[in-house]
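[1] Let's see this in three dimensions:
(2 chains)
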Amino acid sequence: MSAKQWPSDWMRAALGLCVLRTLAAGPTYGYAIAAALEANGFGAIKGGTLYPLLTRCEAAGWIAVEWRVGAGGPERKYLSLTDAGRDELATQTANWCDFTGTVLAHLDNTPTGSTARTTGTDKS
Amino acid sequence: MTTSNIRDAHDRDTENEKWLESLTIELRLLDVNGTRIGDAVATAREFLVDSGALAEESFDSARHYAAELGLPATAGASKGVWGATLRSGLGLLGLMALIEAVVPLTHQTDVTVGLGVLLITVAVLAIIAFLPRLLSTIIVRILSHGKVRAFVEGAAVGLAVTLVFVLISLWSVDRIVFSVPALPVFIVAVVLLIAPALWAQFQYPYQDDPIVPPGSASADTPRISIGIRLFLFATNWMLVIGSVILCAFVLFMDTLAR
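    Purely as a prediction, here's the structure:
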(Lines give C-alpha, C1' and ligand atoms only; values in the text may rest on other atoms or scores of the structure.)
Protein backbone atom coordinates (compact mmCIF):
# COMPACT_ATOMS: atom_id res chain seq x y z
CA MET A 1 0.00 0.00 0.00
CA SER A 2 1.43 3.36 -0.96
CA ALA A 3 1.88 5.99 1.77
CA LYS A 4 -0.62 8.80 1.93
CA GLN A 5 0.55 12.01 0.27
CA TRP A 6 -0.59 15.12 2.09
CA PRO A 7 -1.38 18.37 0.27
CA SER A 8 1.84 20.18 -0.46
CA ASP A 9 0.63 23.35 1.29
CA TRP A 10 0.14 21.43 4.53
CA MET A 11 3.54 19.76 4.16
CA ARG A 12 5.22 23.10 3.56
CA ALA A 13 3.67 24.47 6.72
CA ALA A 14 4.50 21.52 8.98
CA LEU A 15 7.74 20.11 7.58
CA GLY A 16 10.15 22.54 9.26
CA LEU A 17 8.74 21.83 12.69
CA CYS A 18 8.68 18.08 12.07
CA VAL A 19 12.31 18.10 10.90
CA LEU A 20 13.33 19.92 14.09
CA ARG A 21 11.38 17.35 16.09
CA THR A 22 13.16 14.49 14.31
CA LEU A 23 16.50 16.06 15.16
CA ALA A 24 15.51 16.37 18.83
CA ALA A 25 16.20 12.64 19.19
CA GLY A 26 19.90 13.23 18.48
CA PRO A 27 22.33 13.92 15.63
CA THR A 28 21.36 12.30 12.36
CA TYR A 29 21.81 12.68 8.59
CA GLY A 30 19.61 13.76 5.71
CA TYR A 31 18.34 10.45 4.40
CA ALA A 32 17.64 9.22 7.95
CA ILE A 33 15.47 12.30 8.56
CA ALA A 34 13.56 11.65 5.32
CA ALA A 35 13.16 7.98 6.22
CA ALA A 36 11.94 8.80 9.76
CA LEU A 37 9.37 11.26 8.40
CA GLU A 38 8.17 8.70 5.85
CA ALA A 39 7.92 6.05 8.57
CA ASN A 40 5.78 8.47 10.61
CA GLY A 41 3.27 8.88 7.80
CA PHE A 42 4.45 12.02 6.03
CA GLY A 43 5.06 10.24 2.71
CA ALA A 44 8.29 10.29 0.70
CA ILE A 45 10.31 13.46 1.30
CA LYS A 46 12.52 14.39 -1.64
CA GLY A 47 16.06 15.66 -1.23
CA GLY A 48 15.06 18.77 -3.14
CA THR A 49 12.50 19.55 -0.42
CA LEU A 50 14.52 18.51 2.61
CA TYR A 51 17.94 20.10 2.03
CA PRO A 52 16.86 23.67 1.24
CA LEU A 53 14.84 23.50 4.49
CA LEU A 54 17.86 22.19 6.42
CA THR A 55 20.02 24.93 4.88
CA ARG A 56 17.57 27.58 6.09
CA CYS A 57 17.53 26.04 9.57
CA GLU A 58 21.33 26.02 9.59
CA ALA A 59 21.44 29.66 8.49
CA ALA A 60 19.01 30.52 11.31
CA GLY A 61 21.36 28.85 13.80
CA TRP A 62 18.90 26.10 14.78
CA ILE A 63 21.00 23.28 13.36
CA ALA A 64 24.70 22.50 13.70
CA VAL A 65 26.49 20.51 11.01
CA GLU A 66 29.35 18.10 11.37
CA TRP A 67 30.94 15.99 8.64
CA ARG A 68 32.11 12.75 10.08
CA VAL A 69 35.07 11.74 7.99
CA GLY A 70 35.92 8.12 7.43
CA ALA A 71 39.11 6.50 6.20
CA GLY A 72 38.03 6.77 2.57
CA GLY A 73 36.98 10.42 2.71
CA PRO A 74 33.89 12.25 3.86
CA GLU A 75 31.07 10.00 4.88
CA ARG A 76 28.04 11.71 6.28
CA LYS A 77 26.83 15.15 7.14
CA TYR A 78 25.41 14.85 10.64
CA LEU A 79 22.94 17.43 11.79
CA SER A 80 22.04 18.23 15.36
CA LEU A 81 19.85 20.75 17.16
CA THR A 82 21.58 23.71 18.75
CA ASP A 83 20.27 25.32 21.93
CA ALA A 84 18.59 27.95 19.76
CA GLY A 85 17.06 25.10 17.73
CA ARG A 86 15.70 23.46 20.87
CA ASP A 87 14.12 26.77 21.94
CA GLU A 88 12.68 27.21 18.45
CA LEU A 89 11.26 23.68 18.52
CA ALA A 90 9.56 24.35 21.87
CA THR A 91 8.13 27.68 20.66
CA GLN A 92 6.96 26.32 17.32
CA THR A 93 5.45 23.21 18.96
CA ALA A 94 3.43 25.35 21.38
CA ASN A 95 2.30 27.65 18.57
CA TRP A 96 1.40 24.72 16.33
CA CYS A 97 -0.67 23.13 19.13
CA ASP A 98 -2.51 26.43 19.62
CA PHE A 99 -3.10 26.73 15.90
CA THR A 100 -4.29 23.17 15.35
CA GLY A 101 -6.47 23.48 18.48
CA THR A 102 -8.04 26.58 16.97
CA VAL A 103 -8.60 24.83 13.66
CA LEU A 104 -10.08 21.76 15.34
CA ALA A 105 -12.33 23.87 17.55
CA HIS A 106 -13.57 25.67 14.48
CA LEU A 107 -14.13 22.47 12.56
CA ASP A 108 -15.96 20.85 15.50
CA ASN A 109 -18.14 23.89 15.99
CA THR A 110 -21.59 23.12 14.54
CA PRO A 111 -22.51 26.01 12.32
CA THR A 112 -25.58 27.90 13.52
CA GLY A 113 -28.22 29.08 11.06
CA SER A 114 -27.36 32.77 11.61
CA THR A 115 -23.58 32.20 10.99
CA ALA A 116 -24.30 30.34 7.75
CA ARG A 117 -26.67 33.08 6.64
CA THR A 118 -24.13 35.81 7.48
CA THR A 119 -21.40 34.20 5.41
CA GLY A 120 -23.80 33.51 2.55
CA THR A 121 -25.46 36.94 2.30
CA ASP A 122 -22.45 39.21 2.28
CA LYS A 123 -23.32 41.20 -0.85
CA SER A 124 -26.62 42.71 0.29
CA MET B 1 14.15 3.14 -8.32
CA THR B 2 10.90 4.86 -9.14
CA THR B 3 9.39 5.51 -12.55
CA SER B 4 12.64 5.87 -14.40
CA ASN B 5 13.73 3.86 -17.40
CA ILE B 6 17.29 3.69 -16.08
CA ARG B 7 17.77 0.02 -15.40
CA ASP B 8 20.94 -0.52 -13.52
CA ALA B 9 22.89 1.19 -10.81
CA HIS B 10 25.78 2.05 -13.14
CA ASP B 11 23.57 4.08 -15.47
CA ARG B 12 21.96 5.75 -12.48
CA ASP B 13 25.33 6.67 -10.98
CA THR B 14 26.50 8.09 -14.33
CA GLU B 15 23.31 10.17 -14.62
CA ASN B 16 23.69 11.34 -11.04
CA GLU B 17 27.33 12.36 -11.53
CA LYS B 18 26.32 14.41 -14.57
CA TRP B 19 23.61 16.07 -12.50
CA LEU B 20 26.11 16.82 -9.69
CA GLU B 21 28.45 18.35 -12.26
CA SER B 22 25.59 20.55 -13.47
CA LEU B 23 24.83 21.49 -9.86
CA THR B 24 28.45 22.59 -9.39
CA ILE B 25 28.23 24.83 -12.46
CA GLU B 26 24.84 26.26 -11.48
CA LEU B 27 26.19 27.13 -8.02
CA ARG B 28 29.29 28.67 -9.62
CA LEU B 29 27.02 30.78 -11.81
CA LEU B 30 25.28 31.96 -8.64
CA ASP B 31 28.73 33.03 -7.33
CA VAL B 32 28.62 30.62 -4.37
CA ASN B 33 32.10 30.01 -2.95
CA GLY B 34 33.98 26.75 -3.43
CA THR B 35 33.66 25.54 0.17
CA ARG B 36 29.87 25.86 0.13
CA ILE B 37 29.67 24.22 -3.29
CA GLY B 38 31.77 21.30 -2.03
CA ASP B 39 29.40 20.89 0.93
CA ALA B 40 26.24 21.10 -1.19
CA VAL B 41 27.50 18.61 -3.78
CA ALA B 42 28.73 16.12 -1.16
CA THR B 43 25.41 16.41 0.70
CA ALA B 44 23.38 15.73 -2.45
CA ARG B 45 25.69 12.83 -3.38
CA GLU B 46 25.30 11.31 0.09
CA PHE B 47 21.49 11.48 -0.17
CA LEU B 48 21.55 9.93 -3.65
CA VAL B 49 23.78 7.06 -2.51
CA ASP B 50 21.57 6.45 0.54
CA SER B 51 18.26 6.64 -1.30
CA GLY B 52 19.33 5.02 -4.59
CA ALA B 53 17.23 7.64 -6.36
CA LEU B 54 17.86 9.50 -9.57
CA ALA B 55 19.03 13.04 -8.92
CA GLU B 56 16.57 14.59 -11.34
CA GLU B 57 13.66 12.82 -9.59
CA SER B 58 14.81 13.55 -6.06
CA PHE B 59 16.12 17.10 -6.49
CA ASP B 60 14.47 18.36 -9.71
CA SER B 61 16.76 20.14 -12.18
CA ALA B 62 20.22 21.26 -11.00
CA ARG B 63 19.32 24.88 -11.79
CA HIS B 64 16.11 24.73 -9.72
CA TYR B 65 17.82 23.02 -6.78
CA ALA B 66 20.75 25.46 -6.81
CA ALA B 67 18.28 28.36 -6.64
CA GLU B 68 16.20 26.62 -3.93
CA LEU B 69 19.24 26.16 -1.68
CA GLY B 70 19.57 29.94 -1.44
CA LEU B 71 23.29 29.85 -0.63
CA PRO B 72 24.85 33.32 -0.29
CA ALA B 73 26.91 34.70 -3.16
CA THR B 74 30.55 35.61 -2.66
CA ALA B 75 30.88 39.31 -1.88
CA GLY B 76 32.05 41.38 -4.84
CA ALA B 77 31.67 38.56 -7.38
CA SER B 78 29.40 40.53 -9.70
CA LYS B 79 31.75 43.51 -9.37
CA GLY B 80 34.53 41.25 -10.67
CA VAL B 81 32.50 40.28 -13.74
CA TRP B 82 31.75 43.91 -14.60
CA GLY B 83 35.39 44.84 -13.98
CA ALA B 84 36.46 42.13 -16.43
CA THR B 85 33.91 43.42 -18.94
CA LEU B 86 35.26 46.96 -18.64
CA ARG B 87 38.85 45.72 -19.05
CA SER B 88 37.89 43.68 -22.13
CA GLY B 89 36.03 46.64 -23.63
CA LEU B 90 38.96 49.02 -23.13
CA GLY B 91 41.45 46.45 -24.41
CA LEU B 92 39.41 45.78 -27.53
CA LEU B 93 39.04 49.51 -28.15
CA GLY B 94 42.84 49.76 -27.92
CA LEU B 95 43.27 46.84 -30.33
CA MET B 96 40.96 48.41 -32.93
CA ALA B 97 42.61 51.82 -32.58
CA LEU B 98 46.09 50.30 -32.89
CA ILE B 99 45.21 48.47 -36.11
CA GLU B 100 43.78 51.70 -37.54
CA ALA B 101 46.88 53.68 -36.50
CA VAL B 102 49.79 51.40 -37.34
CA VAL B 103 49.91 51.89 -41.13
CA PRO B 104 49.34 55.70 -41.06
CA LEU B 105 52.06 55.91 -38.37
CA THR B 106 54.63 54.19 -40.61
CA HIS B 107 53.72 56.55 -43.50
CA GLN B 108 53.45 59.59 -41.18
CA THR B 109 49.92 60.35 -42.31
CA ASP B 110 46.68 60.93 -40.38
CA VAL B 111 44.33 58.19 -39.21
CA THR B 112 41.07 58.47 -41.09
CA VAL B 113 38.12 57.16 -39.12
CA GLY B 114 35.22 56.00 -41.24
CA LEU B 115 31.57 55.62 -40.33
CA GLY B 116 31.93 51.86 -40.62
CA VAL B 117 34.74 51.73 -38.06
CA LEU B 118 32.66 53.80 -35.64
CA LEU B 119 29.59 51.58 -36.12
CA ILE B 120 31.62 48.38 -35.69
CA THR B 121 33.31 49.78 -32.55
CA VAL B 122 29.94 50.60 -30.99
CA ALA B 123 28.58 47.17 -31.94
CA VAL B 124 31.59 45.34 -30.46
CA LEU B 125 31.40 47.32 -27.22
CA ALA B 126 27.66 46.60 -26.99
CA ILE B 127 28.31 42.87 -27.47
CA ILE B 128 30.93 42.92 -24.69
CA ALA B 129 28.58 44.84 -22.38
CA PHE B 130 25.87 42.19 -22.85
CA LEU B 131 28.24 39.22 -22.56
CA PRO B 132 28.05 38.85 -18.73
CA ARG B 133 24.26 38.61 -18.96
CA LEU B 134 24.50 35.94 -21.66
CA LEU B 135 27.30 33.97 -19.99
CA SER B 136 25.05 31.70 -17.90
CA THR B 137 22.87 30.94 -20.94
CA ILE B 138 25.95 30.09 -23.01
CA ILE B 139 27.37 27.76 -20.35
CA VAL B 140 24.04 26.00 -19.80
CA ARG B 141 23.71 25.59 -23.60
CA ILE B 142 27.17 24.03 -23.78
CA LEU B 143 26.19 21.64 -20.99
CA SER B 144 22.80 20.68 -22.37
CA HIS B 145 23.63 20.56 -26.10
CA GLY B 146 27.19 19.28 -25.89
CA LYS B 147 30.43 21.03 -26.77
CA VAL B 148 30.37 20.23 -30.52
CA ARG B 149 26.88 21.65 -31.12
CA ALA B 150 27.66 24.67 -28.93
CA PHE B 151 30.87 25.24 -30.96
CA VAL B 152 28.94 25.01 -34.25
CA GLU B 153 26.30 27.44 -32.95
CA GLY B 154 29.00 29.82 -31.67
CA ALA B 155 30.85 29.65 -35.00
CA ALA B 156 27.60 30.36 -36.89
CA VAL B 157 26.88 33.42 -34.72
CA GLY B 158 30.50 34.59 -35.12
CA LEU B 159 30.29 34.17 -38.90
CA ALA B 160 27.00 36.09 -39.07
CA VAL B 161 28.43 38.96 -37.00
CA THR B 162 31.60 39.05 -39.14
CA LEU B 163 29.47 39.13 -42.30
CA VAL B 164 27.48 42.09 -40.95
CA PHE B 165 30.74 43.90 -40.09
CA VAL B 166 32.15 43.25 -43.58
CA LEU B 167 28.95 44.60 -45.17
CA ILE B 168 29.14 47.71 -42.95
CA SER B 169 32.80 48.20 -43.97
CA LEU B 170 31.96 47.87 -47.68
CA TRP B 171 28.99 50.24 -47.37
CA SER B 172 30.99 52.90 -45.54
CA VAL B 173 34.30 52.64 -47.39
CA ASP B 174 34.23 56.30 -48.56
CA ARG B 175 32.35 57.75 -45.60
CA ILE B 176 35.15 59.42 -43.60
CA VAL B 177 33.92 61.00 -40.37
CA PHE B 178 37.15 62.57 -39.13
CA SER B 179 40.93 62.25 -39.28
CA VAL B 180 43.45 62.60 -36.46
CA PRO B 181 47.26 62.43 -36.23
CA ALA B 182 48.48 58.84 -36.02
CA LEU B 183 50.97 59.20 -33.13
CA PRO B 184 48.46 60.24 -30.39
CA VAL B 185 46.06 57.51 -31.54
CA PHE B 186 48.89 54.98 -31.41
CA ILE B 187 49.92 56.06 -27.89
CA VAL B 188 46.33 56.01 -26.57
CA ALA B 189 45.77 52.61 -28.22
CA VAL B 190 48.89 51.14 -26.57
CA VAL B 191 47.81 52.50 -23.16
CA LEU B 192 44.26 51.11 -23.62
CA LEU B 193 45.71 47.74 -24.55
CA ILE B 194 48.34 47.39 -21.86
CA ALA B 195 46.76 49.17 -18.87
CA PRO B 196 43.79 46.75 -18.42
CA ALA B 197 46.10 43.72 -18.70
CA LEU B 198 48.52 45.20 -16.15
CA TRP B 199 45.61 46.14 -13.89
CA ALA B 200 44.22 42.60 -14.05
CA GLN B 201 47.67 41.09 -13.52
CA PHE B 202 48.36 42.95 -10.27
CA GLN B 203 44.89 43.70 -8.96
CA TYR B 204 43.45 40.23 -9.51
CA PRO B 205 46.22 37.66 -9.16
CA TYR B 206 45.10 34.16 -10.07
CA GLN B 207 42.74 33.72 -7.15
CA ASP B 208 41.46 30.21 -7.31
CA ASP B 209 38.35 29.28 -5.43
CA PRO B 210 38.62 25.50 -5.44
CA ILE B 211 35.70 23.22 -4.65
CA VAL B 212 36.61 22.03 -1.17
CA PRO B 213 35.23 18.61 -0.25
CA PRO B 214 33.84 18.58 3.31
CA GLY B 215 36.29 17.41 5.91
CA SER B 216 39.36 18.60 4.04
CA ALA B 217 41.06 21.87 4.95
CA SER B 218 41.36 24.51 2.24
CA ALA B 219 45.14 24.13 2.30
CA ASP B 220 44.82 20.41 1.46
CA THR B 221 43.13 21.11 -1.86
CA PRO B 222 45.32 21.03 -4.95
CA ARG B 223 46.70 24.43 -5.83
CA ILE B 224 46.34 25.88 -9.28
CA SER B 225 48.79 24.18 -11.64
CA ILE B 226 51.56 25.91 -13.60
CA GLY B 227 49.81 24.97 -16.85
CA ILE B 228 46.58 26.66 -15.78
CA ARG B 229 48.53 29.68 -14.50
CA LEU B 230 50.20 29.99 -17.90
CA PHE B 231 46.82 29.66 -19.61
CA LEU B 232 45.34 32.41 -17.39
CA PHE B 233 48.41 34.59 -18.06
CA ALA B 234 48.01 34.08 -21.82
CA THR B 235 44.26 34.82 -21.59
CA ASN B 236 44.94 38.06 -19.72
CA TRP B 237 47.51 39.19 -22.30
CA MET B 238 45.65 37.68 -25.26
CA LEU B 239 44.60 41.05 -26.69
CA VAL B 240 48.16 42.40 -26.47
CA ILE B 241 49.58 39.29 -28.15
CA GLY B 242 46.78 39.37 -30.74
CA SER B 243 47.34 43.04 -31.50
CA VAL B 244 51.07 42.44 -32.15
CA ILE B 245 50.22 39.63 -34.59
CA LEU B 246 47.48 41.68 -36.30
CA CYS B 247 49.70 44.75 -36.60
CA ALA B 248 52.45 42.62 -38.17
CA PHE B 249 49.87 41.18 -40.59
CA VAL B 250 48.49 44.64 -41.49
CA LEU B 251 52.03 45.99 -42.09
CA PHE B 252 52.88 42.92 -44.19
CA MET B 253 49.73 43.40 -46.31
CA ASP B 254 50.57 47.09 -46.67
CA THR B 255 54.09 46.21 -47.87
CA LEU B 256 52.64 43.79 -50.43
CA ALA B 257 50.13 46.39 -51.63
CA ARG B 258 52.87 48.95 -52.40
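[2] From now on I want contacts and neighbour counts done on CA atoms only, so please keep to that.
    Fine.
[3] low pLDDT regions in the stretch 101-250 of chain B?
    B:136, B:143-144, B:204-208, B:215-232, B:234 (pLDDT under 70).
[4] Now do the strands in it.
    B:110-114, B:176-181 (DSSP state E, counting those that start in this stretch).
[5] Count the residues that sit near the closest residue to chain A within the stretch 1-150 of chain B.
    The stretch 1-150 of chain B approaches chain A most closely through B:Phe59 (3.9 Å), counting by Cα to the nearest Cα. Neighbours of B:Phe59 under the rule other Cα atoms under 10 Å in any protein chain shown: 23.
[6] That one touches A:Leu50, doesn't it?
    No - B:Phe59 is beyond contact range of A:Leu50, at 9.4 Å (criterion: Cα atoms under 8 Å).
[7] Tell me the confidence at the residue of the stretch 1-150 of chain B closest to chain A?
    On the pLDDT scale, B:Phe59 is placed at 96.
[8] Please report how far it lies from B:Leu170.
    Computed as Cα to Cα, to the nearest Å, the B:Phe59 to B:Leu170 distance reads 54 Å.
[9] what does B:Ala42 give?
    56 Å.
[10] One more: B:Gly116?
    8 Å.
[11] ok, the two, which is more surrounded?
    When neighbours are counted by other Cα under 10 Å, B:Gly116 and B:Leu170 differ, and B:Gly116 comes out ahead with 22 against 11.
[12] Hmm, B:Ile168 and that one touching each other?
    Yes - with contact defined as Cα under 8 Å, B:Gly116 reaches B:Ile168; the gap is 5.5 Å.
[13] can you list residues touching both of those two?
    Between them, B:Gly116 and B:Ile168 share no contacting residue under Cα atoms under 8 Å, 6 or more residues apart in numbering or on different chains.
[14] thought A:Arg68 was touching A:Thr28?
    No - the pair A:Arg68 / A:Thr28 is not scored as a contact, 11.0 Å apart, by Cα under 8 Å.
[15] Which of these two has more residues huddled nearby?
    A direct count of neighbours by other Cα under 10 Å for A:Arg68 and A:Thr28 places A:Thr28 higher, at 19 against 13.
[16] Near chain B, which residues of chain A are found?
    A:30-31, A:46-49, A:51-52, A:55, A:67-69, A:73-77 (Cα under 8 Å from any Cα of the partner chain).
[17] pLDDT value on A:Ile9, please?
    Wrong residue type there; residue A:9 is Asp, not Ile. 93.
[18] That one should be in a helix, yeah?
    Yes - assignment of A:Asp9 by DSSP: H, G, I helix; E, B strand; the rest coil places it within a helix.
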